[in-house]
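*Asks:* Need the 3D shape of this:
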Amino acid sequence: MRNTHTTTSSLPAVIQPAGETTKKASLILERKAKGQGRILWRLFFLLTTVQIVANYFLLEAILYSQGIEIVRNSFSYYSLCALFAIGSTAIVNYFVKLWLVDPLQLIKKNFAEASLNPETHAFPLVAVSGTDEIAQTVSAAQAMLKRHAENLMRVKASAEEEIQKISHYDPLTSLPNRLLFVQKMHEMIEAGHNVDGTQRRFALVAVDLDNFQDINDSVGHHIGDIVLKIVAKRLKTSLPASALIARTGEDEFLVFLPLKDGAYTARDVGDKVRHLIRHEPAKIYGENFPLRASIGISKFPDDGLSPEQVLKNASLALNRAKQDGRDTVREYLEDFDKALAQRLQILRDLREALENNKLMLRFQPQINLNTGKIYGAEALLAWFHTDAKTGEKKMIPPDTFIPLAEQSGLIVPLGEWVLRKACETAKEWEKQGLDWRVAVNVSGVQFHQSDLVALTREVLAETGLAPHKLELEVTESAFMSDIDVAIETLKSLKSLGVDLAIDDFGTGYSSLSYLRRFPVDRLKIDKTFILDALKDDDDAVIAKTIIALGHSLGVLVLAEGVETKEHETFLKEQGCDEAQGYYYARPMLLEDLLQFAAEKI
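*Replies:* You can find the predicted model right below:
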């Protein structure tokens, strides 16, 4: 994944095996040295014996050549031979030791110590006199060990410097990362005192680039990288030198700035950051990319007495800016904590209700305007939650928990549960002789993030429900993020035999050219147009146009939000095919639906 920064490096993994290799080499050298030592001692005794014998014969030759006669086999004869042989051998061995053995032992010692401490050359470098090959070899070996140690030290220092840089800085923008940012915050706060000794105030600005992922997806991560560099440069070059700036996420930046009493406020800083980002588009390869940002602000020590608390509160303010439509600035308020706690509690309770099968379905009948009969019902998720403190059981409104479920991704398993339960119910209707179909809403998140086609095929097979008895409703806004993928998904669903409907039609952005390509069976007019159709000419025209458009495309049209007889009359006059709303029935539990249907008959 691109546009991210790392805080760890593979360099330590490279250095560590080198140390282990050095230890292994040391053990191997030690074993070899011991073996070689035993061989040298044996060779030394052998050579000494040979020298003594050779010197013995040498002495006899010398005596004989000089005409000196000593009685053989006498004590004096053997004493003289022995002294000469041993003495001459000792003299030769002394020079051999001085010229060869000592230098070799020195080299061995140096290499052994270097293998144990490869990064230092603290072992003594004994000067060896002479210009022969042995002396030159010893000097070269010692120089090599010294250079090796110095090279290792340089490599280690460079590696440590690189590790430090990677672990504290963003490699793309060269800005501090979150770890270093928090450390610097601590330092700035500790050093930030006014002349009178009071604590200096700081503003923390959290920045999130709006819809940045669209740039990555549409033109590539390499363009996204350039955008991030442009934003970083604007912040670095335009904010005061006292400002601490960091990149802490894929499209997130932080700014920590000391406030000057009477000069500017935290809100001023946030507004300036927003202006720096959005005042002109990013120009890349001749293309203009408009930039927008959501910004959250918190203050030290007003909103928190520690850097961590101030960061948390700035993040809460940033989330509120996103919830309020993005491209805006929000300052932290204590209510944000309460709202977050409530949101987390709702999600915990909703997850627990899903896992323990505590959810229910309610059904709103759908009426054929030509016959006045029920031909199906829309399945709606209902959650009756028991309050842990009061023990009171109450229904949680869908507009309270559905948006949270979509933001958290919980909507995907919720949607699967609804689809499965609705198909099971429709199969029961079939067994009871009711020729109804069931309509199920599909969230935009579920449409794109789950394998909806495979899930639908699996549920139909498990429940045995005829495909045409199931209708999937998707809002037109869910299609617009990727039209081609949406069309392929709709075609795959249609190939299963299910009906497809565009929900809340008229509130989205789909064009007629795209609408012709959607393999849908039904358009559902959004209830806002129906509710005001009788008193607002514009809404009436929109409703008429959608009905005519649907019929021209050869699809059925269903109107939501029918609450009065006048609404029904208006729709019948315009040739609308179907309707649902409070005029007929409110959403109800399955038992009530069956009773309502019996009374309707």
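
*Asks:* Just say helix, strand or coil for the residue lying closest to Lys322 once chain neighbours are set aside.
*Replies:* Closest residue to Lys322 apart from its sequence neighbours, by C-beta to C-beta, 6 or more residues apart in numbering: Ser294 at 4.9 Å. The C-beta positions use only the backbone N, C-alpha and C, and glycine is treated the same way. Three-state call for Ser294 (DSSP: H, G, I helix; E, B strand; the rest coil): strand.

*Asks:* what's across from Ser294 in the sheet?
*Replies:* Residues in a beta bridge with Ser294, per DSSP bridges, are Asp208.

*Asks:* distance of it from Arg274?
*Replies:* According to C-beta to C-beta, to the nearest Å, Ser294 stands 9 Å off from Arg274.

*Asks:* Neighbour count for the two, which is higher?
*Replies:* Between Ser294 and Arg274, Ser294 has the larger neighbour count (other C-beta atoms under 10 Å), namely 24 against 20.

*Asks:* list the contacts for the more buried one?
*Replies:* Val207, Asp208, Asp210, Leu318, Ala321, Lys322, Arg326, Asp327, Thr328 (C-beta atoms under 8 Å, 6 or more residues apart in numbering).

*Asks:* Export stretch 469-489 to PDB, keeping only CA atoms.
*Replies:* Extracted in PDB, the C-alpha atoms of stretch 469-489 (Å, rounded to 0.1, in the frame of the first residue of the first chain):
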ATOM      1  CA  LYS A 469     -40.100 -13.400  -5.000                       C
ATOM      2  CA  LEU A 470     -37.100 -11.300  -3.900                       C
ATOM      3  CA  GLU A 471     -36.500  -7.700  -4.700                       C
ATOM      4  CA  LEU A 472     -33.200  -5.900  -3.900                       C
ATOM      5  CA  GLU A 473     -33.400  -2.100  -3.400                       C
ATOM      6  CA  VAL A 474     -30.300   0.000  -3.900                       C
ATOM      7  CA  THR A 475     -30.200   3.800  -3.800                       C
ATOM      8  CA  GLU A 476     -28.900   5.400  -7.000                       C
ATOM      9  CA  SER A 477     -26.100   7.200  -5.100                       C
ATOM     10  CA  ALA A 478     -24.600   3.800  -4.300                       C
ATOM     11  CA  PHE A 479     -24.000   3.300  -8.100                       C
ATOM     12  CA  MET A 480     -22.200   6.500  -8.800                       C
ATOM     13  CA  SER A 481     -18.800   5.700  -7.200                       C
ATOM     14  CA  ASP A 482     -18.100   3.200 -10.000                       C
ATOM     15  CA  ILE A 483     -20.800   3.000 -12.600                       C
ATOM     16  CA  ASP A 484     -19.300   0.200 -14.700                       C
ATOM     17  CA  VAL A 485     -18.700  -2.100 -11.700                       C
ATOM     18  CA  ALA A 486     -22.300  -1.300 -10.400                       C
ATOM     19  CA  ILE A 487     -23.800  -2.200 -13.800                       C
ATOM     20  CA  GLU A 488     -21.900  -5.600 -13.900                       C
ATOM     21  CA  THR A 489     -23.100  -6.300 -10.300                       C
END
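
*Asks:* Buried residues of it, list them for me.
*Replies:* The neighbour-count check on stretch 469-489 (16 or more other C-beta atoms under 10 Å) flags Lys469, Leu470, Glu471, Leu472, Glu473, Val474, Thr475, Glu476, Ala478, Phe479, Ala486, Thr489 as buried.

*Asks:* wait, which of these is closest to Glu599?
*Replies:* Lys469 (23.1 Å; C-beta to C-beta).

*Asks:* Do you know the pLDDT at that closest one?
*Replies:* Predicted confidence (pLDDT) for Lys469: 96.

*Asks:* Which residues does stretch 407-424 contact?
*Replies:* 347, 350-351, 354, 359, 361, 379, 381, 402, 404-405, 438, 440-443, 445-446, 449-450, 455-456, 459-460, 462-463, 465, 470.

*Asks:* Can you check my assumption that Val440 lies in a strand?
*Replies:* Yes: inclusion of Val440 in a strand is indicated when three-state DSSP is applied.

*Asks:* about what we covered before: let's see which of the buried residues of stretch 469-489 end up in strands.
*Replies:* Using DSSP state E, the members of these that fall within strands are Leu470, Glu471, Leu472, Glu473, Val474, Thr475.

*Asks:* average pLDDT across stretch 441-452?
*Replies:* 86.

*Asks:* What lies in contact with it?
*Replies:* Counting by C-beta under 8 Å, 6+ apart, 378-380, 402, 406, 409, 411-412, 415-416, 418, 472-475, 477-478, 481-482, 485-486, 489, 493, 503 sit against stretch 441-452.

*Asks:* May I see the buried residues of that stretch?
*Replies:* For stretch 441-452, by 16+ other C-beta under 10 Å, it's Asn441, Val442, Ser443, Gly444, Val445, Gln446, Phe447, Ser450, Leu452.

*Asks:* Likewise for stretch 333-343?
*Replies:* Neighbour-count burial for stretch 333-343 flags Phe336, Arg343 (criterion: 16+ other C-beta under 10 Å).

*Asks:* sorry, back to before: between the contacts of Ser294, which is closest to Ile166?
*Replies:* Val207 (23.1 Å).

*Asks:* Let me know the pLDDT of the closest one.
*Replies:* pLDDT, read off for Val207, is 95.

*Asks:* now it, nearest residue through space, not along the chain?
*Replies:* In space, and not counting its chain neighbours, Val207 is closest to Phe253: 4.3 Å by C-beta to C-beta, 6+ apart.

*Asks:* Kindly report the same for Val269.
*Replies:* Ala203 is the one closest to Val269 (C-beta to C-beta, 6+ apart), at 4.7 Å.

*Asks:* Can you give me the neighbour number for that neighbour?
*Replies:* Neighbour count for Ala203, taken as other C-beta under 10 Å: 27.

*Asks:* doesn't it fall inside a strand?
*Replies:* Yes: the assignment for Ala203 (three-state DSSP) places it in a strand.

*Asks:* Might you report the residue contacts of it?
*Replies:* Val255, Phe256, Leu257, Leu259, Thr265, Ala266, Val269, Gly270, Ile297, Ser298, Lys299.

*Asks:* how about those residues in JSON lines, adding secondary structure and neighbour count?
*Replies:* Formatted as JSON lines, the contacts of Ala203 follow (DSSP: H, G, I helix; E, B strand; the rest coil; neighbours: other C-beta atoms under 10 Å):
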{"residue": "Val255", "secondary structure": "strand", "neighbour count": "23"}
{"residue": "Phe256", "secondary structure": "strand", "neighbour count": "25"}
{"residue": "Leu257", "secondary structure": "strand", "neighbour count": "21"}
{"residue": "Leu259", "secondary structure": "coil", "neighbour count": "19"}
{"residue": "Thr265", "secondary structure": "coil", "neighbour count": "17"}
{"residue": "Ala266", "secondary structure": "helix", "neighbour count": "22"}
{"residue": "Val269", "secondary structure": "helix", "neighbour count": "25"}
{"residue": "Gly270", "secondary structure": "helix", "neighbour count": "27"}
{"residue": "Ile297", "secondary structure": "strand", "neighbour count": "27"}
{"residue": "Ser298", "secondary structure": "strand", "neighbour count": "27"}
{"residue": "Lys299", "secondary structure": "strand", "neighbour count": "21"}
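
*Asks:* nearest to Ala143, of those?
*Replies:* Closest to Ala143, out of all of the contacts of Ala203 and judged by C-beta to C-beta, is Phe256, at 51.9 Å.

*Asks:* can you pull the pLDDT of the closest one?
*Replies:* You'll see Phe256 listed with a pLDDT of 95.

*Asks:* Please enumerate the strands of the stretch 201-350 of the chain.
*Replies:* Using DSSP state E, counting those that start in this stretch, the strands of the stretch 201-350 of the chain run over 202-209, 244-247, 252-258, 282-284, 287-289, 293-300, 329-331.

*Asks:* Per-residue pLDDT of Asp302, please?
*Replies:* 86.

*Asks:* likewise Leu179?
*Replies:* We have a pLDDT of 89 for Leu179.

*Asks:* Direction included, what does the strand ranked longest in the chain pair against?
*Replies:* Determined from DSSP E, the single longest strand within the chain is strand 374-386. If you go by DSSP bridges, strand 374-386 pairs up with strand 359-368 (antiparallel), strand 393-395 (antiparallel), strand 437-442 (parallel).
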